[in-house]
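*Asks:* give me coordinates for this.
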Amino acid sequence: MLIIRVAVLFVAAMAAYAAAPAQDEYLVAVYDRLHDSPMQQKFRRIAPMPFGVVFLPWKGCTEQDIRRHFRMMKELGFHNLKQVMATPEWPAKRLMEIAMEEDIIPFWYGEGGWEDITPGLLDKLGIPRDTPIGEIRRNPKMRAYQKEVIRRGIEIDAGAASLEGRSNGGFHHTPDPILHEADVPYFKQWLREAYKSPAEIADAWNQYEVGFGEQPFQTWEDVDRGVELMAKLDNALHGYGREYGRVRDVLRYKADYHTREIRDRVTRQHAALPEAPTRTGGEMGLFLPFAWRATKMEDLAQTQVDTGSFYPSIHFAWHFGEVGYEVARPIYMQASFANDLFKGAWAATWESTGGPQQLTGAKGWNYRDQSTTPGFTVNEGTITQLLLSYLAAGFKGAGIWAWNYREAGFEAGEYALLNRQLRPSPRAIRAGKIAQAADRYRDELWKAHKEPYVGVLMNWDSDAIWAAISVRQRDHYRDYPMQARVGVSRALMNGNVPWEYVTVRDLEAGLAPRYKVIYLPAQIALTGRLLEMLTAYARQGGRVVIDSPGAMYDEHGKVLSTAAGSAFEKLFGAELSDFQYSNNVPRVLFGHHLKGFITDVHPTSAKVSVRFQTGEPAVVENRIGEGSAVVLAWDASFALFGPGDPEMEGALRRFTLGSIASPYSCAGAVAYRLAAPEADHYFLINDDEPKQVRLTSARYGYKSATDAVTGESIDLSSPIALEGYSGRWIRCEKR
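*Replies:* Below is the predicted model:
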């Protein structure tokens, strides 16, 4: 029934797109409905833009010290706390009370914790209903009323530990693909919820294929015995992990139960304080192999639709080891990952690094991370790159760890906005100025949207098959899909091609026509339903691009048919004969020796655009309906995981876009754009020495341009000066 309902929604959405007016080219109405709820509507009305900081009291800290620091925060532009931490001398409750007395909201959500501004509330406070929202927020009556609403949260926050208990009858989430003995009863129940019969499970676990037993499941008792045996197997050659379908189901079961766990906790928190937003996402770098960790971040975001916000914690030393300690571009990738999983709703980073860090942070996932120094400079330029990239990705606010540093032990002397003398550093001053600018343009930013040309597909089912492969083969396969997404994202960013991440759930909701191109990076597993949606999208004018090793399996780890007449062949106009690797038989493309997966492509209706030096097809393109589908026969996205290959980045862009041209350019800098009704906001990131660049557009025209932070007038016909290893925010008023 669910499949039928989703299919009906998709067909209806595609039909609506075909009849949609041209002005909704990017399906903003569909986008905004994806995670809509009364709580999200409240956020859009109030338009909170909290830039909060963490205050850490120290031994001997006096009330006078605390008040002085709170006033310093306000002077710089920080009007709320991200949080406080208690000491034996200073309970958290008292710190929050002092913050309220100094007119600082003591919570990460700032004005997001206000009661909704309804006509009834305006009448109650004697504020005319037609008063502009900015004036309503500044009205002393409104602020006094909402201050008391916020104050009620202090008692709840002080007892928050009571709301953190586990649910699901004792289920304990383990972030790995292994079925542990404690998982057995829950997994049995999950299978009964996910499948109609034991026969379905036998097919999903490929039990009729060679090597997986002679007795496929016939009864639920067979299933139960099979599950009990799985929990006893190790990862030896013939043990657990040899068949991918069951590993995928273990991962999905854990992810589903973990989501229920989060949802139950959120429900308790919301019941305790209905006006205060909840949040989830948490202390996890977004470059982790989430499918392998039995976590579905998109589902965790869904838990916040009715009550709150989805967020990542972003710290360099904690979360950037997976990308080789690279900074400027991965910031935007991380922020986009979170924002794009929660399209139309409130996302932000409610914990972001505030200062330099070298000595402390997570050990990382491999020997390299554990044996190298995660050393970073966080100056005014770096903090600019952080905060502007957050805003550009669609975040509405940030929580900064921390205002001041811990005095001893772990993280001592690191992560802080203030310097070691507890005075405002240049990065603190710069962060405050950006916070003030974000507050000035908060209503505009809440109305703004990305206008992406390329949708980069994030597909949990494919990631889960990569994870299953890694259980008893090479561990690094678990990271492969993330690294491929980084590669294609890098290529698009460096060419100033607007893009965003898109999920299968988004496509089901009808969002596909928002993109001129949908790129499938390292999609080793495709479902029949996904191919059906992509085919419908291409027939209506879209462009689908897949690279190697795409389309090797289905979602259960069974070899996907790509033969003539298959769904794959009908879309891409080609059969996939084999998957190879450029090693002992090197492939060369545009003078580059490739070192990765190669797809052996046999065109049927597709045309060969480019060949390897061996004569084998390297790029094939198929016309289908009004659109096209392209196979790149090398690991085009994964090969660009690390920086330093501009020629192959350009090749990926050429074959991805075809005849499509990016709507703006800014040679020498990475440019991100948000479009609001009144103005476009460009965020220019310079990962180089100081320079001057030109921001040009063949599609958009503007009345005027200003530096959103300083207010300086910008002449778009002249070069724009950029600070070294920093960024700049340009607001362009529309004609």
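*Asks:* buried ones in the longest helix along the chain, by neighbour count?
*Replies:* When the chain is parsed with DSSP state H, its longest helix is helix 244-272. For helix 244-272, burial by neighbour count (16 or more other CB atoms under 10 Å) applies to 244-259, 261-263, 265-267, 269-270, 272. Where C-beta positions appear, they are placed from N, C-alpha and C, glycine not excepted.
*Asks:* what do you get for stretch 679-692?
*Replies:* Buried-residue list, stretch 679-692, by 16+ other CB under 10 Å: 679-687.
*Asks:* what is the nearest of those to Ile383?
*Replies:* Nearest to Ile383 among the buried residues of stretch 679-692 is Ile685, at 12.6 Å by CB to CB.
*Asks:* that closest one belongs to a strand, doesn't it?
*Replies:* Yes: remark: Ile685 belongs to a strand, assigned using DSSP: H, G, I helix; E, B strand; the rest coil.
*Asks:* quick check, it in contact with Gly727.
*Replies:* Yes: here Ile685 lies in contact with Gly727, judged by CB atoms under 8 Å, at a distance of 4.6 Å.
*Asks:* my guess is Lys42 meets Asp116, correct?
*Replies:* Yes: using CB under 8 Å, Lys42 is in contact with Asp116, at 4.4 Å.
*Asks:* which of these two has more neighbours?
*Replies:* More crowded of Lys42 and Asp116, by other CB atoms under 10 Å: Lys42, with 19 against 14.
*Asks:* flag the shaky bits of this protein, pLDDT-wise.
*Replies:* Segments of the chain classed as low confidence (criterion: pLDDT under 70) are 1-22, 158-168.
*Asks:* return the residue of it that is most distant from the centre.
*Replies:* Glu214 (43.1 Å; CA atoms, centre = their mean).
*Asks:* for that one, what is the enclosing helix or strand?
*Replies:* Assigned by DSSP states H and E, Glu214 belongs to neither a helix nor a strand.
*Asks:* so Gly399 sits in a helix?
*Replies:* No: applying three-state DSSP, one finds Gly399 to be strand, outside a helix.
*Asks:* surely it meets Thr349?
*Replies:* Yes: under the criterion of CB under 8 Å, Gly399 makes contact with Thr349 at 6.9 Å.
*Asks:* sorry, back to before: between Ile685 and Gly727, what contacts are shared?
*Replies:* Residues within reach of Ile685 and of Gly727 at once, by CB atoms under 8 Å, 6 or more residues apart in numbering, are 385, 388-389.
*Asks:* in JSON lines: those residues, plus distance to Arg129.
*Replies:* JSON lines is the format used below for these (distance: CB to CB, whole Å):
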{"residue": "Gln385", "distance to Arg129": "42"}
{"residue": "Leu388", "distance to Arg129": "36"}
{"residue": "Ser389", "distance to Arg129": "38"}
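*Asks:* so how far is Pro646 from Val620?
*Replies:* Taking CB to CB, to the nearest Å as the measure, Val620 falls 24 Å from Pro646.
*Asks:* more neighbours, the two?
*Replies:* Neighbours were counted for Val620 and for Pro646 using other CB under 10 Å; Val620 has more, 25 against 12.
*Asks:* would you say that one is within a strand?
*Replies:* Yes: assignment of Val620 by three-state DSSP places it within a strand.
*Asks:* that one contacts Ala574, doesn't it?
*Replies:* Yes: applying CB under 8 Å, one finds Val620 in contact with Ala574, separated by 5.4 Å.
*Asks:* find residues that contact each of the two.
*Replies:* In contact with both Val620 and Ala574: 601, 603, 606, 631, using CB under 8 Å, 6+ apart.
*Asks:* most surrounded residue in those residues?
*Replies:* Counting by other CB under 10 Å, top hit in the shared contacts of Val620 and Ala574: Val631 with 30 neighbours.
*Asks:* who does the residue nearest to that residue when sequence neighbours are not counted bridge with?
*Replies:* Leaving aside its sequence neighbours, Val631 sits nearest to Val620 (CB to CB, 6 or more residues apart in numbering; 4.9 Å). Beta-bridge pairing of Val620 under DSSP bridges involves Val608, Val631.
*Asks:* what is the burial count for Ala182?
*Replies:* 13.
*Asks:* same deal with Ala661?
*Replies:* 12.
*Asks:* repeat for Tyr367
*Replies:* Number of residues near Tyr367 (other CB under 10 Å) recorded here: 8.
*Asks:* any figure for the gap between it and Asp475?
*Replies:* Using CB to CB, one gets 11 Å for the distance from Tyr367 to Asp475.
*Asks:* Tyr186 too?
*Replies:* Going from Tyr186 to Asp475 by CB to CB gives 26 Å.
*Asks:* those two: who's more crowded?
*Replies:* Using other CB under 10 Å as the criterion, Tyr186 and Asp475 rank with Tyr186 on top: 18 against 13.
*Asks:* from Arg260, how far off is that one?
*Replies:* Taken as CB to CB, the span from Tyr186 to Arg260 is 10 Å.
*Asks:* same check, this time on Leu507
*Replies:* In this view, Leu507 and Arg260 are 25 Å apart by CB to CB.
*Asks:* cool, His173 as well?
*Replies:* The value you get for His173 to Arg260, if CB to CB is used, is 10 Å.
*Asks:* could you pull out the residues contacting both of the two?
*Replies:* Contacts common to His173 and Arg260, judged by CB under 8 Å, 6+ apart, are absent.
*Asks:* correct me, but Ala574 touches His602?
*Replies:* Yes: counting by CB under 8 Å, Ala574 does reach His602; the two are 6.1 Å apart.
*Asks:* those two: who's more crowded?
*Replies:* More crowded of Ala574 and His602, by other CB under 10 Å: Ala574, with 27 against 17.
*Asks:* specify the beta-bridge partners of that one.
*Replies:* Pro603.
*Asks:* which elements pack onto the longest helix of the chain?
*Replies:* Contact here means 3 or more CB pairs under 8 Å, 6 or more residues apart in numbering; DSSP states H and E; on that basis helix 244-272 packs against helix 184-194, strand 278-280, helix 297-302, helix 460-472.
*Asks:* comparing the ones you listed, which comes out most buried?
*Replies:* Greatest average neighbour count among these goes to helix 460-472 (a mean of 25), per mean count of other CB atoms under 10 Å.
*Asks:* now that one against helix 244-272, angle please.
*Replies:* Per axes from the mean of the first three to the mean of the last three CA atoms, to 10 degrees, the angle that helix 460-472 makes with helix 244-272 is 120 degrees.
*Asks:* any idea how far whichever helix or strand comes after helix 460-472 is from the chain center?
*Replies:* Next along the chain after helix 460-472, taking DSSP H and E as the criterion, comes helix 480-494. What separates the centre of helix 480-494 from the centre of its chain is 13 Å, taken as CA atoms, centre = their mean, to the nearest Å.
*Asks:* relative to helix 460-472, how tilted is the next helix or strand after helix 480-494?
*Replies:* Downstream of helix 480-494, the first helix or strand assigned by DSSP H and E is strand 499-503. Inter-element angle recorded for strand 499-503 and helix 460-472: 80 degrees (by the same axes, to 10 degrees).
*Asks:* count the neighbours of Phe638 for me.
*Replies:* Neighbour tally, Phe638, other CB under 10 Å: 23.
*Asks:* distance-wise, check the closest residue to it other than its chain neighbours relative to Ala522.
*Replies:* Excluding its sequence neighbours, the residue lying closest to Phe638 (CB to CB, 6+ apart) is Ala484, at 4.2 Å. Using CB to CB, we find Ala484 at a distance of 4 Å from Ala522.
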